[in-house]
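>>> Mind folding the following:
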Amino acid sequence: MLPDEGSVWVLFRRRTFSRLAYWLRVLGFDPRDRSLTNLLYFVYFCVFWLIWAVAVFAMLGSALAQIFGPLAAGQPTSMATLIVAFILAGWGLIKLWQVTGCSPFVFSEADAYLLCQTPVSRRSVGFAWFLMDWFGAVIPFAAGAILISFALTDIALSGAADIQSLPTYFASSLRSLAVILPLQMGLQAGLYGLGALRLRRNRSTSQSFWLRLIVPPLGLGLLAALFFPDWRTLVLAPLIFPLQAAFGDALSSTEWLSRAGLAILILALGVTILLIWASRMHLGRAAQETRLISVTRLARSFINYELIENIQRQSRLKATHSPSRLPAMGGVWIMVWKNLVQSRRALQASMVLRWGLVFFLSIGIFLSSGWIVQLIMGGLWAVLLGSLTTGQLRRDLAHWWLLRSLPIKDTHLLLAPLAPAWGLGVFLGWLALALTNPSLPFGFLMAALFPFLVACAALGSTHDILDQAKIQVLMAPGIAGENVPRQNIQGALIILISVGFPLGLLTWSSSHPGGFVWGLLSLPIAALITLLLLRSVVSVYRWIS
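As a prediction, the model looks like this:
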């Protein structure tokens, strides 16, 4: 049976125009309306966004020109060419690492059944999927090329630009796009071709592992090019030569055509590699490798980052890890151990950054001048800390049907997921206290108060989450993971009140002579608030049960 090519391109057109229609509606134009009024509005729509884009690029280009001026040492064109070459090389290395480890052709579950198992042309599928990905990948490069062109034109005009200079800006932008777009497209097509080579039929992906071994030496060469100009000329020559046509003004027609022609040659070579190796790729294997990536992309389009985190965490917690060794103690300690293991395996850069922000806010509490500023910093610290400490609790609530059947006391079930984050919050607070070295009475009282403040933030957020939880949602495993409540304005208010009162009392007393007694009073007040919050949280938890 001959492979079907027409159905692939029908699907390509529908998906491409569907994405285009979506973004047109986001920007304010409905392409489904075919009335004359809407067509006239489309003219206004295009003119409006064109003027807006020119204004934004002119403003950003002027700011970039002020940066290029002192740094370029009289050669802004050479500096721009070098920067773009480094960006393209770094992007290419990252993409090479990705395509040699996982299929660059992402298929949804529906594609896996309705497309990958049918006798369609593999070459058409590979090229169509490459084009759909390229439409999104090229936007940052196009925007960057226009921005740099505006900046270089602004430098050339010495800041004396007016409305009559617009043709000059447009000409420089079109010249850069005419070189950078085919160059980037050719590089991406070649990389997708390598990904298709890895997915060849009747060949294990492990046999193409050598492709990944190319990335480390290339990365070291690119890193060396940052510090050694002679090495830089050698490593980046294939990119610098065509990019000189994108930003070079003092080039003759022959010189420009030779450099732009190399970009076209790279495009033709990349597309040829893609078409040759895509004809034999295994679509089923590609669909199997990219099933989670497809779901992640769909969640990102709906701005559902919580679902993305859950998918990434579950993929890391599967068979890729060796079994954990359980501690000797049982009961609630098993829950604490489980939470520690899950927290370690679910660690992400975003989580590290958020905990780092908590640490710097802790330092800000002690370094701020004036008790009001300290109280504001403490409020920000407490609200952020509350959302961080309840992350493990929310993951446990997603498995409520299993959690409620454990033979462990309600208080222990609540405190076990909070304990690791509470300990980390106290440690960061004490570390910030040691680094800032405040006055002794205030420092000792703050060290004693910090565990209660962290507990109030955690319990306040927990109370808010449990108060919003609904049993019919938690008992449905399929939707509980996505619909577990998170801290909202009610939780933030509870945290601000429970943390703000003792912290405000202590910071106020530290700024007034003879306020040590009032500062000492903040400790029993914080302990009482913590106890009341704990009882309230346990009561709300039992009400859910």
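>>> When you work out contacts or count neighbours from here on, use the C-alpha atoms and nothing else.
Will do.
>>> Tell me which residues touch residue 283, please.
Each residue near residue 283 by C-alpha atoms under 8 Å, 6 or more residues apart in numbering is listed here: 112, 116, 117, 122, 199.
>>> Filter those residues down to the buried ones.
The neighbour-count test (16 or more other C-alpha atoms under 10 Å) applied to the contacts of residue 283 identifies 112, 116, 122, 199 as buried.
>>> Of those, which is the nearest to residue 78?
residue 199 (39.8 Å; C-alpha to C-alpha).
>>> Would you report the backbone torsion angles of the nearest residue to that closest one once chain neighbours are set aside?
Counting by C-alpha to C-alpha, 6 or more residues apart in numbering, residue 199 lies nearest to residue 281, which is 4.9 Å off, once chain neighbours are set aside. Reported as degrees, to the nearest 10, the phi and psi values for residue 281 are phi -80, psi 160.
>>> Quick check: residue 281 touching residue 194?
No. The pair residue 281 / residue 194 is not scored as a contact, 10.6 Å apart, by C-alpha atoms under 8 Å.
>>> still on that earlier bit, which residues pair with the residue nearest to residue 199 across the strands?
When assigned by DSSP bridges, residue 281 has beta-bridge partners residue 200.
>>> returning to that earlier point: any chance of a markdown table for the contacts of residue 283, columns pLDDT, distance to residue 189 and secondary structure?
Listed next are the contacts of residue 283 as a markdown table, based on pLDDT from 0 to 100; distance: C-alpha to C-alpha, whole Å; DSSP: H, G, I helix; E, B strand; the rest coil:
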| residue | pLDDT | distance to residue 189 | secondary structure |
| --- | --- | --- | --- |
| 112 | 83 | 23 | helix |
| 116 | 83 | 21 | coil |
| 117 | 81 | 24 | coil |
| 122 | 89 | 15 | helix |
| 199 | 86 | 15 | coil |
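>>> Can you tell me which of those residues is closest to residue 451?
Sorting these by distance to residue 451 puts residue 112 at the head of the list, at 52.1 Å, by C-alpha to C-alpha.
>>> Give me the distance between the closest one and residue 123.
The spacing between residue 112 and residue 123, counted by C-alpha to C-alpha, to the nearest Å, is 17 Å.
>>> Ok, residue 146 next?
Distance, residue 146 to residue 123, by C-alpha to C-alpha: 33 Å.
>>> The two: who's more crowded?
Using other C-alpha atoms under 10 Å as the criterion, residue 146 and residue 123 rank with residue 146 on top: 24 against 19.
>>> Next, the contact list for that one, please.
57, 173, 176, 177.
>>> you'd agree it is in a helix?
Yes. Following the definition DSSP: H, G, I helix; E, B strand; the rest coil, residue 146 is counted among the residues of a helix.
>>> From residue 189, how far out is it?
Counting by C-alpha to C-alpha - residue 146 and residue 189 are separated by 22 Å.
>>> Equivalent analysis for residue 287, please.
The span separating residue 287 from residue 189 equals 19 Å under the rule C-alpha to C-alpha.
>>> between those two, which one's more packed in?
Set side by side, residue 287 and residue 189 show unequal neighbour counts under other C-alpha under 10 Å, the larger going to residue 189 at 27 against 24.
>>> contacting residues for the closest residue to the more buried one other than its chain neighbours?
The shortest distance from residue 189 to any residue other than its chain neighbours is 4.9 Å, reached at residue 270 (C-alpha to C-alpha, 6+ apart). Residue 270 is in contact with 185, 186, 187, 188, 189, 190, 191, 193, counting by C-alpha under 8 Å, 6+ apart.
>>> could these go into JSON lines alongside secondary structure, distance to residue 262 and pLDDT?
Output for these, formatted as JSON lines (DSSP: H, G, I helix; E, B strand; the rest coil; distance: C-alpha to C-alpha, whole Å; pLDDT from 0 to 100):
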{"residue": "185", "secondary structure": "helix", "distance to residue 262": "13", "pLDDT": "96"}
{"residue": "186", "secondary structure": "helix", "distance to residue 262": "11", "pLDDT": "96"}
{"residue": "187", "secondary structure": "helix", "distance to residue 262": "12", "pLDDT": "95"}
{"residue": "188", "secondary structure": "helix", "distance to residue 262": "16", "pLDDT": "95"}
{"residue": "189", "secondary structure": "helix", "distance to residue 262": "15", "pLDDT": "95"}
{"residue": "190", "secondary structure": "helix", "distance to residue 262": "15", "pLDDT": "94"}
{"residue": "191", "secondary structure": "helix", "distance to residue 262": "18", "pLDDT": "94"}
{"residue": "193", "secondary structure": "helix", "distance to residue 262": "19", "pLDDT": "93"}
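>>> Near residue 150, how many other residues are there?
The number of residues near residue 150, taken as other C-alpha under 10 Å, comes to 27.
>>> In which helix or strand does it reside?
When elements are defined using DSSP states H and E, residue 150 is found to belong to helix 122-156.
>>> before we move on, back to that, would JSON lines of the contacts of residue 270 with distance to residue 9 be doable?
Conversion of these to JSON lines gives the following (distance: C-alpha to C-alpha, whole Å):
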{"residue": "185", "distance to residue 9": "19"}
{"residue": "186", "distance to residue 9": "21"}
{"residue": "187", "distance to residue 9": "23"}
{"residue": "188", "distance to residue 9": "20"}
{"residue": "189", "distance to residue 9": "18"}
{"residue": "190", "distance to residue 9": "21"}
{"residue": "191", "distance to residue 9": "22"}
{"residue": "193", "distance to residue 9": "19"}
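>>> To what extent is the closest residue to residue 383 other than its chain neighbours buried, counted in neighbours?
When the adjacent residues along the chain are set aside, residue 383 lies closest to residue 492, with 5.8 Å between them (C-alpha to C-alpha, 6+ apart). Other residues within reach of residue 492, judged by other C-alpha under 10 Å, total 22.
>>> cool, residue 255 as well?
Counted with other C-alpha under 10 Å, residue 255 comes out at 14.
>>> just residue 115 next, same as before
Going by other C-alpha under 10 Å, the residues that sit close to residue 115 add up to 20.
>>> How is this structure partitioned into domains?
Segmentation of the chain into domains, based on automatic domain parsing, reads 6-285, 332-544.
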